[in-house]
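Engineer: the sequence and its predicted three-dimensional model are supplied below.
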Amino acid sequence: MSTLDTDLDAIVRPVMADGLELTRARTAAVGDMSVRRLLPLRLRRSVGAWCFIDHYGPMSVDGVTGMAVPPHPHIGLQTVTWLMAGNVLHRDSLGSEQMIRPGQLNLMTAGRGIAHAEESPAAHDPLLHGVQLWVALPDASRLTEPDFEHHAELPVTRVGGLAITVLLGSLAGAPALRSPATTFSGIVGAELAAATDVRERIALEPTFEHVVFVTSGAASVAGTELAPGSLLYLPPGRDILTVMASPGTAAMLLGGVPLGERLLMWWNFVARTPQEIAAAVAGWQQGMFGEVGGYAGPPLAPPPLDAARLARRARVAG
Ligand code: MN
């Protein structure tokens with residue numbers, strides 16, 4: 001997964017009552033897959049430390065290649081792979097090789113640099129549905145050693161008819177339910193799944209800002225109707241989230257302490273300056289990110305570096 005941010009300027013940011021914002025995904029291509037890209041927005045590059053949200057599927061991958069993301073590098077972020085259906089194989093330059101299935105977390109900490117590939121395995125499930133998320137590493141941690149974690153067991157709590165799985169960080173209403181995954185900032189990432197007709201109030205950490213998006217079904221969240229492809233932003237200062245949903249609906253709740261740092265994102269890199277981006281591109285071209293074994297195909301080549309556009313974006317990054 002990667003972002004070139006080529007059409008960020010097309011994204012508007014309607015502001016509603018109470019500082020809520022509702023935005024629509026743009027369509028992006030990841031290999032042959034069409035994805036809903038919900039973040040970044042031109043006027044909102046991050047929510048907490050979350051800085052990238054792709055939602056793809058559900059789609060049939062029966063008898064076709066499915067996901068095929070060749071080896072590519074990352075710096076300055078963590079990638080979060082979460083599936084609602086199907087299976088995906090991860091390989092990276094540390095030598096990790098891990099299949100992931102729904103309800104499990106793949107968390108790759110790029111730190112100063114890592115490369116990975118993600119693909120549907122040769123014999124894969126017929127359906128694919130998931131999200132690919134990036135968490136920006138705060139300045140103090142972004143040169144940390146690269147790492148990869150797979151968590152097959154994650155804490156789940158029930159709030160009425162909602163099953164809430166905590167992927168990352170912890171929930172305000174159930175702080176004892178902390179995800180075992182490594183984090184570098186005050187953060188929450190959770191999946192909300194409605195087993196019945198749901199009308200619930202979920203406690204939020206008021207120092208966090210949050211986004212909510214629906215992955216299946218439809219929900220009314222904080223009084224706003226949501227379907228797949230919509231992103232609802234909630235500013236800090238809220239301590240309750242109202243959720244109404246019908247059975248089979250699922251949504252993601254992501255949030256954290258506002259990062260307060262200016263991110264410069266280009267291709268698969270989260271940096272601060274154009275010089276860092278240029279150095280990462282050169283490093284990838286010189287093979288300094290290491291080898292990703294087992295992928296049948298060439299690694300991804302970076303797109304042409306537009307220095308003027310990068311410099312312009314660096315000036316407005318936030
Ligand atoms: Mn990636």
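Structural biologist: That came in fine, so what should we check first?

Engineer: tell me which element the residue nearest in space to the middle of the chain falls in.
Structural biologist: In the chain, the centroid-proximal residue (Cα atoms, centre = their mean) is Leu133; its distance is 1.0 Å. Assessed by DSSP states H and E, Leu133 sits inside strand 127-136.

Engineer: on that earlier part again, let's verify the spatially closest residue to the residue nearest to the centre of the chain that is not a sequence neighbour: helix, strand, or coil?
Structural biologist: In space, and not counting its chain neighbours, Leu133 is closest to Val80: 4.0 Å by Cβ to Cβ, 6 or more residues apart in numbering. C-betas here are computed from N, CA, C, even on glycine. What DSSP: H, G, I helix; E, B strand; the rest coil gives for Val80 is strand.

Engineer: hmm, Val80 is touching Leu107, no?
Structural biologist: Yes - using Cβ atoms under 8 Å, Val80 is in contact with Leu107, at 5.8 Å.

Engineer: next, show the common contact partners of those two.
Structural biologist: Residues touching both Val80 and Leu107 (Cβ atoms under 8 Å, 6 or more residues apart in numbering): Leu168.

Engineer: doesn't Ala140 lie inside a helix?
Structural biologist: Yes - per three-state DSSP, Ala140 lies within a helix segment.

Engineer: now the lowest-mean-pLDDT helix or strand in the chain: buried residues?
Structural biologist: Using mean pLDDT, DSSP states H and E, the weakest-scoring helix or strand in the chain turns out to be helix 307-316, at a mean of 83. Residues 310, 313-314 are the ones in helix 307-316 that count as buried (16 or more other Cβ atoms under 10 Å).

Engineer: now that helix: how far from the chain's centre is it?
Structural biologist: 24 Å (Cα atoms, centre = their mean, to the nearest Å).

Engineer: where along the stretch 101-250 of the chain do the helices fall?
Structural biologist: In the stretch 101-250 of the chain, no helices are defined using DSSP state H, counting those that start in this stretch.

Engineer: do a quick rundown of the strands in the stretch 51-200 of the chain.
Structural biologist: Using DSSP state E, counting those that start in this stretch, the strands of the stretch 51-200 of the chain run over residues 68-74, 77-85, 88-92, 97-100, 105-109, 114-119, 127-136, 147-151, 156-159, 162-171, 174-178, 187-194, 198-203.
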